[in-house]
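>>> need a structure here:
(chains A and B)
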Protein chains: 2
Amino acid sequence: MSASLPPFPKAGEPSSEPLLLEIASSADEPCLRADAARNRARLLEAAARLVAEHGAAGVTMEAVAAAASVGKGTVFRRFGDRTGLLMALLDHSARQLQAAFLGGPPPLGPGAPPVERLHAFGRAVLRQSSEQLELQLAAQPEPARRFSSPPLRALSGHVTLLLRQAVPDADCVLLAQTLIGYLDPALIHHLTKECGMPLERLEAGWSDLVARVTRTEPPR
Amino acid sequence: MSASLPPFPKAGEPSSEPLLLEIASSADEPCLRADAARNRARLLEAAARLVAEHGAAGVTMEAVAAAASVGKGTVFRRFGDRTGLLMALLDHSARQLQAAFLGGPPPLGPGAPPVERLHAFGRAVLRQSSEQLELQLAAQPEPARRFSSPPLRALSGHVTLLLRQAVPDADCVLLAQTLIGYLDPALIHHLTKECGMPLERLEAGWSDLVARVTRTEPPR
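Residues are numbered from 1 along each chain as shown, chains lettered A, B, ... in the order given. Below you'll find the predicted structure:
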């Protein structure tokens, strides 16, 4: 994943500054030409569609090239190999999600009340994770480093900020970890694939959880 | 760990039967003589003390033999090697915890109101995990199997039952997964070792979380 995310404020230190994520550019490619960047994004969008439709197994360099109407060599030059492509895809999706909750339209982005934004956040993460479940599982770090990985810290940092607005007297760092735990790809996998729950039930469970944690009424 | 735990009821199927765990005997040693069983328990208690005092690195076959005042050969005959000893220790601790919440004194065991039992449950798990953190982390299954491991299912099954008594109208299977997620050894490791939080803060966070999830007042 990307190493360009800033260090997360030490838990316990109240932070009033929003957690700014560098989402507009890829740190290792600061000078990517505009048409090359567009080309890269187009390849990643094609790969994302293939994952959503056929699972990770459906993503080959050939399939992505065909779906994006470019030569196979272009895909190899851009991503090196299939693992490079899949990691770039996860990074791309994480950045898209971050852009949406940091600067996209409400209720996911700024402009809606914090509790509404929390409701929208969970639905967005659940939807994205359910499309990329195998990929996200395969990319999970070992247990001792799982919670310190930059993508997860970006999510829990955002949830902490929203909770500080919604329930300022609570231990928002800990509550945020709880909410993020509900969105763990391993849990989503267990519930939807092993227990056969529909995603709608997980979405309803998220709404109920946010309402309980913030001591508000669940949305209708 | 042990393979003697019964299959967990499929999530979504309301179950009114308590989840009975086979805690009195070890499945692979049904005919262990009483003195051999006592001897085994004494070795494991010694190993547990060593882990709590010195961490997993402090547990060698020699140290356990010395701490239990037996010959080194006895420890090797009983557990095979150090890994066998450590796995047996985790299994032993899990069974002790299960015995305590299924049949021990209240508020952890039966006899107290369900919300009080939930409060006590989290404190007991946090305390045990904090003593065996490295061991529990090392024993965590790969992400896709983490939530279906028998020890974790025993914990989430118990929390589900207590929630069904406390908040019968809620989706208790999902709320239980949330509460169990707060007790994830990887999260406890992150918060206490990487972020430097005292265990007391995690205990207070658990009380607050249980109160919010059950829409009750936190205990004083």
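>>> any idea how far the closest residue to chain B within chain A is from residue B:189?
Nearest to chain B, among the residues of chain A, is residue A:181, at 3.1 Å (CB to the nearest CB). Quick note: C-beta positions are derived from backbone N, CA and C, even for glycine. Remark: distance between residue A:181 and residue B:189 (CB to CB, to the nearest Å) = 14 Å.
>>> before we move on, what about residue A:133?
When residue A:133 is compared with residue B:189 (using CB to CB), they lie 24 Å apart.
>>> report the residue ranges of every domain in chain A.
A:30-80, A:90-213 (automatic domain parsing).
>>> just name the most buried of these.
domain A:90-213 (a mean of 19; mean count of other CB atoms under 10 Å in any protein chain shown).
>>> endpoint to endpoint, that one covers what distance?
29 Å (CA to CA, to the nearest Å).
>>> sorry, back to before: by mean pLDDT, show me the worst of the domains of chain A.
Ranked by mean pLDDT, the domains of chain A end with domain A:30-80 at the bottom, a mean of 88.
>>> that domain close to chain B?
No: judged by CB under 8 Å from any CB of the partner chain, domain A:30-80 and chain B are separated, with a smallest distance of 12.5 Å.
>>> what parts of chain A come near chain B?
By CB under 8 Å from any CB, the residues of chain A that approach chain B are A:10-12, A:137, A:140, A:143-144, A:146-148, A:170-171, A:174-175, A:177-178, A:181-182, A:184-187, A:189-191, A:194-197, A:201-202, A:204-205, A:208-209, A:212-213, A:215.
>>> which of the residues you listed fall in helices?
A:137, A:143-144, A:146, A:174-175, A:177-178, A:181-182, A:185-187, A:189, A:201-202, A:204-205, A:208-209, A:212-213 (DSSP state H).
>>> give the contact list for residue A:86.
Applying CB atoms under 8 Å, 6 or more residues apart in numbering or on different chains to residue A:86 gives the contacts A:47, A:56, A:59, A:135, A:138, A:139.
>>> rerun that using 7 Å as the cut-off
Contact partners of residue A:86, counting by CB atoms under 7 Å, 6 or more residues apart in numbering or on different chains, are A:56, A:59, A:135.
>>> next, it: secondary structure please.
helix (DSSP: H, G, I helix; E, B strand; the rest coil).
>>> mind checking pLDDT for it?
Predicted confidence (pLDDT) for residue A:86: 90.
>>> could you check how far it is from residue A:138?
8 Å.
>>> residue A:155 now?
18 Å.
>>> export the domains of chain A as CSV, with columns for distance to residue B:68.
As requested, those are exported to CSV (distance: least, CB to CB, whole Å):
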stretch, distance to residue B:68
domain A:30-80, 49
domain A:90-213, 30
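>>> of all those, which one comes closest to residue B:52?
Shortest separation from residue B:52 across the domains of chain A is recorded for domain A:90-213, at 19.1 Å, computed as CB to CB.
>>> next up, the contacts around residue A:216.
residue A:115.
>>> mind running it again at 8 Å?
By CB under 8 Å, 6+ apart, the neighbours of residue A:216 are A:115, A:166, A:210.
>>> before we move on, what about residue A:187?
Per CB under 8 Å, 6+ apart, neighbours of residue A:187: A:181, B:147, B:177, B:181.
>>> for the residue lying closest to residue A:204 once chain neighbours are set aside, give me its contacts.
Using CB to CB, 6 or more residues apart in numbering or on different chains and skipping residues adjacent in sequence, the residue nearest residue A:204 is residue B:171, 7.1 Å away. By CB under 8 Å, 6+ apart, residue B:171 lies in contact with A:201, A:204, A:205, A:208.
>>> enumerate every residue touching the residue lying closest to residue A:72 once chain neighbours are set aside.
What sits nearest to residue A:72 in space, not counting adjacent residues and going by CB to CB, 6+ apart, is residue A:65, at 4.4 Å. Residues counted as contacts of residue A:65 (CB under 8 Å, 6+ apart) are A:71, A:72, A:74, A:75.
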